[in-house]
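> Pasting the sequence and the predicted coordinates here, then a few questions.
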Amino acid sequence: MSRSTEKAYFQIREMILEGEFLPGDHLSEEQLSNAVGVSRTPVRDALRRLENDFFVTIQTNRGARVRSWSREDIDDLFQLRAMLEGFAAKRAAQRATKNQIDMLYEEIARINAALSKKGAVNVETFLDANANIHRIICEASGNKRLVDMIDALVAQAVVVRTAKGYSSEELRRSNLHHKDMADAIAAGNADLAENIMKLHILAAEEAFKAAAQPSVNGQSEE
């Protein structure tokens with residue numbers, strides 16, 4: 001990804017997350033090009049990536065629009081994630097290497113360090129470490145097909161919006177789930193690891209719904 005595309009991606013994503021563009025809003029390449037300060041080509045490439053990350057939808061001859069999420073979309077997404085990532089955690093407890101377990105604890109400590117600093121929490125640090133934790137657990141399952149299914153399912157727009165809506169206390173609670181999962185995996189307790197992961201995912205669903213009321217309206221996207 002070029003620097004111009006990366007710049008466009010993060011700035012457009014932030015505008016969506018901050019509510020400058022609402023669900024269903026049309027995203028003009030020309031207007032975005034002027035706002036971001038890059039040409040239309042990197043904007044177009046950024047929009048394609050944002051579509052892959054479930055921030056926007058792109059339709060032929062209609063352009064890009066900010067993605068809307070119905071309650072059914074949200075329920076289906078998190079239920080599937082709970083099942084698949086729960087199974088991944090169960091397998092990880094049976095197959096994880098010492099190095100993978102060590103990496104889990106390193107990412108958990110990284111979040112704790114970010115939460116211990118004064119001032120606003122760096123959500124990007126949380127997002128990066130959180131993604132690494134889930135990736136390590138999936139890879140530790142040893143099931144490549146399962147990893148691919150979860151990669152295709154996890155919608156970064158949902159993950160980011162959930163974290164953006166978390167209070168510092170909720171971020172700490174989320175990381176306690178990470179710690180409990182890592183402990184269960186390290187102990188080889190497969191059933192406990194699975195149950196904690198399911199609880200973790202479903203708690204994130206409730207946080208997402210609470211933080212994204214305007215985007216979750218109970219109607220299907222056009």
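Alright, I've got the coordinates. Since the structure is predicted, the reported quantities are computational estimates derived from the model, not experimental observations.

> any chance you could map the strands in the protein?
26-27, 56-59, 63-66 (DSSP state E).

> would CSV of the ones you listed with mean neighbour count, distance to Thr97 and mean pLDDT be doable?
For glycine as for every other residue, the C-beta is placed from the backbone atoms N, C-alpha and C. Converted to CSV, the strands of the chain look like this (neighbours: other CB atoms under 10 Å; distance: least, CB to CB, whole Å; pLDDT from 0 to 100):
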stretch, mean neighbour count, distance to Thr97, mean pLDDT
strand 26-27, 16, 44, 96
strand 56-59, 17, 38, 92
strand 63-66, 20, 41, 94
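
> Out of those strands, which is closest to Ala140?
Each of those has some distance to Ala140 by CB to CB; the shortest is strand 56-59, at 32.4 Å.

> picking that back up, take the strands of the chain and write them to a markdown table, including distance to Ile101.
Shown next, in a markdown table, are those (distance: least, CB to CB, whole Å):
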| stretch | distance to Ile101 |
| --- | --- |
| strand 26-27 | 42 |
| strand 56-59 | 37 |
| strand 63-66 | 39 |
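
> So for Met181, which of these sits nearest?
Minimum separation from Met181 across the strands of the chain (CB to CB) falls at strand 56-59, 31.9 Å.

> just the CA coordinates of that closest one, formatted as PDB?
Included here for strand 56-59 are C-alpha records, laid out as PDB according to Å, rounded to 0.1, in the frame of the first residue of the first chain:
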ATOM      1  CA  VAL A  56     -18.200   1.100   3.200                       C
ATOM      2  CA  THR A  57     -20.100  -0.600   0.400                       C
ATOM      3  CA  ILE A  58     -19.300   0.000  -3.300                       C
ATOM      4  CA  GLN A  59     -21.800  -0.600  -6.000                       C
END
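
> Who are the packing partners of that strand?
Strand 56-59 makes packing contacts with helix 40-52, strand 63-66 when contacts are defined by 3 or more CB pairs under 8 Å, 6 or more residues apart in numbering; DSSP states H and E.

> what lines up beside the last one in the sheet?
Using DSSP bridges, the strands paired with strand 63-66 in its sheet are strand 26-27 (antiparallel), strand 56-59 (antiparallel).

> just to revisit the earlier point, now distance to Leu127 too, for the helices and strands packed on strand 56-59, in TSV please.
Output for the helices and strands packed on strand 56-59, formatted as TSV (distance: least, CB to CB, whole Å):
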stretch	distance to Leu127
helix 40-52	16
strand 63-66	20
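
> nearest to His178, of the ones you listed?
The closest of the helices and strands packed on strand 56-59 to His178 is helix 40-52. By CB to CB, the value is 25.7 Å.

> Give the rounded mean pLDDT of the closest one.
Summarised as a single mean, pLDDT over helix 40-52 is 93.

> Name the residues that touch that helix?
Where contact means CB atoms under 8 Å, 6 or more residues apart in numbering, the residues beyond helix 40-52 that reach it are 1-2, 4-9, 12-13, 16, 27, 29-30, 32-33, 36, 56-58, 64.

> Show me which of those residues are buried.
Neighbour counting with 16 or more other CB atoms under 10 Å marks 4-5, 7-9, 12-13, 16, 27, 29, 32-33, 36, 56-57, 64 as buried within those.

> So which of the residues you listed are in helices?
Cross-referencing the buried ones among the contacts of helix 40-52 with the helices (criterion: DSSP state H) gives Ser4, Thr5, Lys7, Ala8, Tyr9, Ile12, Arg13, Ile16, Glu29, Leu32, Ser33, Val36 as the overlap.

> Brilliant, that's me finished.
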